[in-house]
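Undergrad: Dropping the sequence and predicted coords here.
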Amino acid sequence: YLNLVFASYFRTIYVSELDESITNLWFYAILLAMTIFVLFVIRAVIKVGSTCNQVCNAPFVEVGCGKCFLYGGTAPNIRRAHTACHFSAEIHGAYAILISTDLESAIQVLPTTTDNKTRYVWTGINDLLLERNQSRVGWRAVNADLKDVVVQIPDDKWLPGEPTSGDTLMLQTDGKSYKLHTSELFPMQYDGHVVCQLVSDATVKRHTESSRMTQFSKTYPVSVTEFFGDNKDHFWKMSVAKSLGECALTCKKMLICRAIYFHPDDYDCIQTVYVDSRLARSLQKTGWIRFGRIF
């Protein structure tokens, strides 16, 4: 009986110590895992902080990590708005484009007002290449890396009944939130505000190096079968080129060039600028060749 009691006692002690040892092992394993995770998070925060220091030089304003914006005054039309951002390079020594992404951040650089008056802001978002008119999806723009992108626009960011045409989108804001609508709704008695987004020096240099190979494709950014449209804004430059290669080289030399239209019989070379778009119906004739520029 005593042997059984002592055996039972020692078995109980032995099992309890084993349970405690296992518990300690789990505790230290979990503690080690948590320590590694915390160190990883701290390292990531330090890395992000270090890459965001002194990103924006005046008069550009940093809103969020690495997002630099410049208020460019006002413009009476979309072409003048694009031009204002383009010439920021000559004025401030930095290349910028009209805003098309990061719109929540962009509206924060608008001048403050004492009232809640609605302000209208030009954007680079458009449907001038496909002209699908009333579709809410597939709107395109050039982002801060000079890449053609499809801009995802949630339904709650559209004004009711919009879009009404395949034109350029405008931003309507009270300074706190915004809605989007086509520029046809823009009240003509006002000038639209211009906000530009900085393109990094690395991106600009990469696209201006004379030795860099620039690619053009018939199907970039999408396959287009109709070259002529109804857009009222003229986003192209016209010149004469002896060959398709010469026409492409003309486009390569301009950061604002997005695509080329070349007519081999007449040697007409048209470069679409700022945005990729169709040609006016006044230029309609057979034989045009179109190539989109791949940045």
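TA: Everything's here; your move.

Undergrad: List the contacts of the most centrally placed residue in the chain.
TA: Nearest to the mean C-alpha position of the chain, by Cα atoms, centre = their mean, lies Asn143 at 3.0 Å. Applying Cβ atoms under 8 Å, 6 or more residues apart in numbering to Asn143 gives the contacts Ile97, Ser100, Thr101, Val149. In this view, the C-beta of every residue, glycine as well, is placed from N, C-alpha and C.

Undergrad: Helices along the stretch 51-200 of the chain, start to end?
TA: 78-86, 88-92, 103-106 (DSSP state H, counting those that start in this stretch).

Undergrad: pLDDT on the second one, on average?
TA: With pLDDT averaged residue by residue, helix 88-92 scores 89.

Undergrad: Packing partners of that helix?
TA: Packing partners of helix 88-92 (3 or more Cβ pairs under 8 Å, 6 or more residues apart in numbering; DSSP states H and E): strand 68-75.

Undergrad: What pairs with the strand it packs on, parallel or antiparallel?
TA: Note on strand 68-75: by DSSP bridges, its sheet partners are strand 61-62 (antiparallel), strand 192-198 (antiparallel).

Undergrad: hey, which of these is tucked in deepest?
TA: Ranked by mean neighbour count under mean count of other Cβ atoms under 10 Å, the strands paired with strand 68-75 are led by strand 192-198, which reaches a mean of 25.

Undergrad: and the helix or strand just after that one, how far out from the chain's middle?
TA: Past strand 192-198, heading to the C-terminal end, the next element that is a helix or strand (DSSP states H and E) is helix 201-208. Centre-to-centre, helix 201-208 and its host chain are 16 Å apart (Cα atoms, centre = their mean, to the nearest Å).

Undergrad: Same question for the helix or strand just after helix 201-208: list its buried residues.
TA: Next helix or strand after helix 201-208 toward the C-terminus (DSSP H and E): strand 215-217. Buried residues in strand 215-217, counting neighbours by 16 or more other Cβ atoms under 10 Å, are found at Phe216.

Undergrad: ok so, going back, can you tell me which of the helices of the stretch 51-200 of the chain is packed in deepest?
TA: The stretch of those with the highest mean neighbour count (mean count of other Cβ under 10 Å) is helix 78-86, at a mean of 22.
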